[in-house]
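Undergrad: quick one: sequence and predicted model below, then my questions.
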Amino acid sequence: MTSGQLARGAMCLASAAILAAGLRASAQTPAPPAQIKYSSLGGATDAGVFLADAYGFFREYDMAVTPVVQSSIPSQVAEAATNAIEVSGIALAPGLFASVQRNINLRLVGDKQSLRPGFSSTRLIARPELVKASEAETMRGLKGKKIGGPGRTSVGFFLVAELFRKHGMSLDDFDYVEVQLPNQAAALAAKAIDGALSIDPFLSRAVQTNLGAVVSDLIEFVPEGGSIVPLVYSEQFAANRTMATNFMKAYMRGVRVYNDAIGKGKDRDKVIDIIAKAANVPVPVIRDGFPAGLDPNQRLNKTFLNSIQTFYVEQKLLERAADIDKMVDLSFSDAALRELGEYR
């Protein structure tokens, strides 16, 4: 064998070794996690996402979830409609129902915030001197008064209306005025409003500083599975069945960590610290406040959804009712439940 042949052979062996090393390195380097954006208006009710991330549940499914705080529900719907955001927690405003009528195929797949016994961070409060011995007496005293809250295009307006109806009054029997949540305590202190539909952390701050007292936790108007802020998938994300189902599994596990901590006391301090840090809220507000409901089985009540949109149609806030069956897709939570089982 000539020296040239020996050189060429050595070069071939070296190339083969380099190729083999490259293949081994490639096999050992995992694919980067799928990047998923999650949209909300911010706050502690994103606890399911925060905990799924902190406990590594998303990583188990090769996902990296980035929370994106939006300024309004219309901006959330627009971002989800263009598939710029994969997953959102969007309150039940008229625009969410109207999106279906505009052939925007968003999918309501689970619960980001709900109300149930022991878990209600959305309540009607009033100036303490107006709160009487019974709810009925207090409500009679609020007739004709000013109730501050988010705009009329919010599910909160529906809940306040239901409370007045319970006590034999109608929408004409109170003056519902829009007051931004951060301004409610000052408005109560100045007697610019008499009551407020408030949510945490603003609710807790108003009660803890004695500027407001709770009139009703409103849970009687929300049936089981009655989410007031559903979890929403974009059309493109919902079409990726494996990824969308895995997101639900991870999220459901995060929600269950939350329920174990708040409802049963398991790792309570650890969980509260995680939520407070992620939501940028002081620990005492979470620890001593009113906990939000997060459904551990991620169900949605279609009858409740329909009652809310019927209210919006009656108030001329929505032109016509949407097809709820087209909006709701429980196949993802069904798949998660088959693997994780019902929450106990």
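TA: Good, I have the coordinates. This structure is a prediction, so every number in the text was calculated from the model and none was measured.
Undergrad: end to end on stretch 123-134, go ahead and measure it.
TA: End-to-end span of stretch 123-134 (C-alpha to C-alpha, to the nearest Å): 16 Å.
Undergrad: contacts for that stretch next, please.
TA: 138, 141-142, 145, 147, 159-160, 163, 188, 191, 194-199, 203, 206-207, 210-218, 290 (C-beta atoms under 8 Å, 6 or more residues apart in numbering). (Each C-beta comes from the backbone N, C-alpha and C, glycine too.)
Undergrad: restricted to strands, list these.
TA: 147, 195, 196, 197, 198, 199, 213, 214, 215, 216 (DSSP state E).
Undergrad: of those, which is the most crowded?
TA: residue 196 (32 neighbours; other C-beta atoms under 10 Å).
Undergrad: including distance to residue 247 and pLDDT, could the ones in strands among the contacts of stretch 123-134 go into a markdown table?
TA: Converted to a markdown table, these look like this (distance: C-beta to C-beta, whole Å; pLDDT from 0 to 100):
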| residue | distance to residue 247 | pLDDT |
| --- | --- | --- |
| 147 | 38 | 97 |
| 195 | 39 | 97 |
| 196 | 35 | 96 |
| 197 | 31 | 95 |
| 198 | 31 | 93 |
| 199 | 25 | 89 |
| 213 | 40 | 96 |
| 214 | 35 | 96 |
| 215 | 38 | 97 |
| 216 | 34 | 96 |
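Undergrad: identify the farthest-apart pair in these.
TA: Spatial extent of the ones in strands among the contacts of stretch 123-134 (C-beta to C-beta) is set by the pair 199 and 213 at 15.9 Å.
Undergrad: and the strands in the stretch 1-150 of the chain?
TA: 34-40, 63-69, 87-89, 107-114, 122-126, 146-149 (DSSP state E, counting those that start in this stretch).
Undergrad: compare those and give me the one nearest residue 259.
TA: strand 107-114 (11.5 Å).
Undergrad: now the closest one and strand 34-40, what's the angle there?
TA: 50 degrees (axes from the mean of the first three to the mean of the last three C-alpha atoms, to 10 degrees).
Undergrad: tell me what strand 107-114 is packed against?
TA: strand 227-233, helix 235-239, helix 241-264, helix 331-340 (3 or more C-beta pairs under 8 Å, 6 or more residues apart in numbering; DSSP states H and E).
Undergrad: single out the most deeply packed of those.
TA: strand 227-233 (a mean of 27; mean count of other C-beta atoms under 10 Å).
Undergrad: and the pLDDT at the residue nearest the centre of the chain?
TA: The centroid of the chain falls nearest to residue 112 when counting by C-alpha atoms, centre = their mean (2.8 Å). For residue 112, the pLDDT comes out at 96.
Undergrad: residues touching it, list them.
TA: Contacts of residue 112 by C-beta under 8 Å, 6+ apart are 40, 45, 46, 48, 89, 90, 227, 229, 230, 231, 294.
Undergrad: and with 6 Å instead?
TA: 89, 229, 231 (C-beta atoms under 6 Å, 6 or more residues apart in numbering).
Undergrad: would you list the helices and strands packed on strand 107-114 in CSV and tack on distance to residue 77 and mean pLDDT?
TA: Converted to CSV, those look like this (distance: least, C-beta to C-beta, whole Å; pLDDT from 0 to 100):
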stretch, distance to residue 77, mean pLDDT
strand 227-233, 9, 96
helix 235-239, 12, 96
helix 241-264, 19, 97
helix 331-340, 20, 98
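Undergrad: export these to TSV and tack on distance to residue 155?
TA: Shown next, in TSV, are those (distance: least, C-beta to C-beta, whole Å):
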stretch	distance to residue 155
strand 227-233	5
helix 235-239	23
helix 241-264	20
helix 331-340	21
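Undergrad: can you tell which of these is closest to residue 102?
TA: helix 235-239 (12.4 Å).
Undergrad: C-alpha coordinates for the closest one, PDB please?
TA: Output of helix 235-239 as PDB, limited to C-alpha atoms (Å, rounded to 0.1, in the frame of the first residue of the first chain):
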ATOM      1  CA  GLU A 235     -57.700  26.800  17.100                       C
ATOM      2  CA  GLN A 236     -54.200  25.800  16.000                       C
ATOM      3  CA  PHE A 237     -53.100  24.700  19.400                       C
ATOM      4  CA  ALA A 238     -56.300  22.600  19.900                       C
ATOM      5  CA  ALA A 239     -55.600  20.900  16.500                       C
END
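Undergrad: got a list of contacts for that helix?
TA: By C-beta under 6 Å, 6+ apart, helix 235-239 touches 83, 86, 105, 107, 244.
Undergrad: so which of the helices and strands packed on strand 107-114 is nearest residue 70?
TA: Here strand 227-233 is closest among the helices and strands packed on strand 107-114 (C-beta to C-beta), at 12.1 Å.
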